[in-house]
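Peer 1: got a sequence here, can you model it:
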Amino acid sequence: MNELYPVFLKVAQLDTLIVGGGNVGLEKLSFLLKSSPKANVTVLAKEISDEIKAIAAKTENLQLIEAAYDKTYLENRHIVIGATDDKEVNKQIQQDAKAKHLLVNIADTPELCDFYLGGIVTKGNVKIAISTNGKSPTTAKRLRQFLEEVIPDDINEMVENIHQYRDTLKGDFEYKVEALNKLTKELLVK
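Peer 2: Take a look at the predicted model:
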């Protein structure tokens, strides 16, 4: 059973630290910026790849620090992602982050994670997160590809129309929910 609770974070309002400047760090960074281009991110590593440096050159909200990991870099962070190729360093990152009550993800080590970076489908204002409870990122990837194909490209137009309709509704929350349920019920009729 998957007991994870999905949330959608406003990462532009949070400080995220990625420790690791190689391929795994690049993957985590790319995933984060693809979903949230205004995410406030710092990448910390002794060596930072040219690919990450190229992203930083055109991303205002991405900072790079070329230095060895030290727990002092956790100050003023909300989220920490450990993506080094050193298991001991990753474990230390997790322990230091937990001591500061920070949310932490250690790449490819589900038992050290508070959260996972799952598959995400985005069509305009619609965003769907997919989790396999950290068991199979490949399955999440395939489900993402499937959903990207079956969800119509114009779904954002429907969302905008329903949003405008919602703004016209008078009455309390319960009334609005009932009216919106009545309106959208037809969408599921086969």
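Peer 1: tell me the strands in the chain, going along the chain?
Peer 2: 16-19, 41-45, 62-66, 79-82, 103-106, 119-123, 126-130 (DSSP state E).
Peer 1: let me have the ones you listed in JSON lines, adding mean neighbour count, mean pLDDT and distance to Gln145 as columns.
Peer 2: No exception for glycine: its C-beta is placed from N, CA and C like everyone else's. Formatted as JSON lines, the strands of the chain follow (neighbours: other C-beta atoms under 10 Å; pLDDT from 0 to 100; distance: least, C-beta to C-beta, whole Å):
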{"stretch": "strand 16-19", "mean neighbour count": "26", "mean pLDDT": "98", "distance to Gln145": "25"}
{"stretch": "strand 41-45", "mean neighbour count": "23", "mean pLDDT": "98", "distance to Gln145": "26"}
{"stretch": "strand 62-66", "mean neighbour count": "16", "mean pLDDT": "98", "distance to Gln145": "27"}
{"stretch": "strand 79-82", "mean neighbour count": "26", "mean pLDDT": "98", "distance to Gln145": "24"}
{"stretch": "strand 103-106", "mean neighbour count": "22", "mean pLDDT": "97", "distance to Gln145": "23"}
{"stretch": "strand 119-123", "mean neighbour count": "18", "mean pLDDT": "89", "distance to Gln145": "9"}
{"stretch": "strand 126-130", "mean neighbour count": "15", "mean pLDDT": "93", "distance to Gln145": "10"}
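Peer 1: and these as CSV, adding distance to Asp96?
Peer 2: Compiled in CSV, those are given as follows (distance: least, C-beta to C-beta, whole Å):
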stretch, distance to Asp96
strand 16-19, 10
strand 41-45, 12
strand 62-66, 16
strand 79-82, 8
strand 103-106, 9
strand 119-123, 28
strand 126-130, 27
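Peer 1: closest to Pro152 out of those?
Peer 2: Closest to Pro152 of the strands of the chain, according to C-beta to C-beta: strand 119-123, at 8.0 Å.
Peer 1: list the pairing partners of that closest one within its sheet, with orientation.
Peer 2: The strands that strand 119-123 pairs with in its sheet are strand 126-130 (antiparallel) (by DSSP bridges).
Peer 1: what's the closest of the strands of the chain to Leu169?
Peer 2: So among the strands of the chain, strand 126-130 is nearest, using C-beta to C-beta, at 20.9 Å.
Peer 1: count of neighbours near Ser131?
Peer 2: The number of residues packed around Ser131, counting by other C-beta atoms under 10 Å, is 19.
Peer 1: picking up where we left off before, of the strands of the chain, which approaches Pro6 most closely?
Peer 2: Closest to Pro6 of the strands of the chain is strand 126-130 (C-beta to C-beta; 5.2 Å).
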